[in-house]
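>>> pasting the sequence and the predicted model now:
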Amino acid sequence: MTTTRIDSWIWSVRLTKTRSLAAAACRAGHVRVNGERVKPAHAVRTGDEVRLRHAGRERIVVVSRLVRKRVGAPVAAECYIDNSPPAPPREEVPLIAVRDRGTGRPTKRDRREMDELRGRMGLGPERD
């Protein structure tokens, strides 16, 4: 086996969850092989550089082994050399304002306090 389809390889080494997502990424122009946008049927070879934009992150991998069938995670990690930049740190989930049940609609003051808690700036004049 000297070549395999790019969408099949991306799915086989677990860079995408499904093969249809891999094919859709190719059609949308999110996959590049050696700097060129490719279609799902493009043949990939050992040594090719694959760039994939997926889930808000760019993955840069060099093909070291070709596989056609989906393999386990330890084997998949051996099929490519990962040259991707490190993943951005996860953002903290903003706190959610909890109101007592039955307190009615929030007042303007309550709304401003909730906006401050969420880190949003109000539209009105600056408050001290």
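Right, received. Where do you want to start? Numbering: from 1, shown residues only.
>>> use CA for all of it now, contacts and neighbours both
Noted.
>>> quickly note the distance from residue 86 to residue 37.
Distance of residue 86 to residue 37, given as C-alpha to C-alpha, to the nearest Å: 23 Å.
>>> now do the strands for this structure: every range, in order, please.
Assigned by DSSP state E, the strands in the chain fall at 4-5, 31-33, 36-37, 43-44, 49-54, 57-63, 80-82.
>>> which ones are touching residue 71?
Counting by C-alpha atoms under 8 Å, 6 or more residues apart in numbering, residue 71 touches 12-14.
>>> ignore what I typed, I meant residue 40.
Neighbouring residues of residue 40 by C-alpha under 8 Å, 6+ apart: 5-7, 22-24, 26-27.
>>> measure it to residue 120 for me?
Distance, residue 40 to residue 120, by C-alpha to C-alpha: 43 Å.
>>> residues contacting stretch 85-94, please?
57-60, 118.
>>> biggest helix in the protein, by residue count?
Identified as the longest helix of the chain according to DSSP state H is helix 108-118.
>>> using PDB, list the CA coordinates for that helix.
Provided in PDB are the C-alpha atoms of helix 108-118 (Å, rounded to 0.1, in the frame of the first residue of the first chain):
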ATOM      1  CA  LYS A 108     -32.300  46.900  37.000                       C
ATOM      2  CA  ARG A 109     -29.800  46.700  39.900                       C
ATOM      3  CA  ASP A 110     -30.000  42.800  39.900                       C
ATOM      4  CA  ARG A 111     -29.400  42.800  36.200                       C
ATOM      5  CA  ARG A 112     -26.300  45.100  36.500                       C
ATOM      6  CA  GLU A 113     -24.900  42.800  39.300                       C
ATOM      7  CA  MET A 114     -25.400  39.700  37.100                       C
ATOM      8  CA  ASP A 115     -23.700  41.500  34.200                       C
ATOM      9  CA  GLU A 116     -20.700  42.400  36.400                       C
ATOM     10  CA  LEU A 117     -20.500  38.700  37.500                       C
ATOM     11  CA  ARG A 118     -20.400  37.600  33.900                       C
END
